[in-house]
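**Q** this is a predicted model, with the sequence first.
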Amino acid sequence: MATENVRQPDSAHHVERIDLARQALNQIEVLVDVAQEQAAGGGGDPDLMLGLLGRVRQMTDAAVALLVDVVDGDEQSGELVQSKRSEILGRR
């Protein structure tokens, strides 16, 4: 029985990517709750709602990139982690 050669991701970057994606998903959960409260209150400011939706989209894109994007080598994986960390946490 032949087995495929599957390149395993660097474990340190892999764990960090999953953790950052989890943090992005946690932010989405909170942002959706805030948007629902604003909508239920009937006084939702359109600019606030657009801002919340924009941040939800940004966090969704970041989580998907961290979980799905295939990168070649540790250097590119590290660059992806650094870039997405800034987007998600707002710091390096």
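**A** Arrived safely, thanks for sending.

**Q** report the separation between the residue most central in space within the chain and residue 33.
**A** Centroid check for the chain by C-alpha atoms, centre = their mean gives residue 63 as the closest residue, at 2.6 Å. The gap separating residue 63 from residue 33 is 17 Å, by C-beta to C-beta, to the nearest Å. (Glycine included, C-beta is placed from N, CA and C.)

**Q** find the helix or strand that the residue nearest to the centre of the chain is a member of.
**A** Assigned by DSSP states H and E, residue 63 falls within helix 46-68.

**Q** returning to that earlier point: hmm, the residue nearest to the centre of the chain is touching residue 21, no?
**A** Yes: using C-beta atoms under 8 Å, residue 63 is in contact with residue 21, at 4.4 Å.

**Q** shared neighbours, the two?
**A** Shared contacts of residue 63 and residue 21, defined by C-beta atoms under 8 Å, 6 or more residues apart in numbering, are absent.

**Q** hey, C-alpha coordinates of the helix or strand residue 79 falls within in CSV?
**A** Here residue 79 sits within helix 73-89, counting by DSSP H and E. The C-alpha trace of helix 73-89 is given here as CSV (Å, rounded to 0.1, in the frame of the first residue of the first chain):
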residue,chain,number,x,y,z
GLY,A,73,8.2,27.2,4.1
ASP,A,74,8.6,28.5,7.6
GLU,A,75,9.4,32.0,6.5
GLN,A,76,6.2,32.5,4.6
SER,A,77,4.2,30.9,7.4
GLY,A,78,5.9,33.2,9.9
GLU,A,79,5.0,36.2,7.7
LEU,A,80,1.4,35.2,7.5
VAL,A,81,1.2,34.7,11.3
GLN,A,82,2.8,38.2,11.9
SER,A,83,0.4,39.8,9.4
LYS,A,84,-2.7,38.2,10.8
ARG,A,85,-1.7,38.8,14.4
SER,A,86,-1.6,42.5,13.6
GLU,A,87,-5.0,42.4,12.1
ILE,A,88,-6.6,40.3,14.8
LEU,A,89,-4.9,41.7,17.9
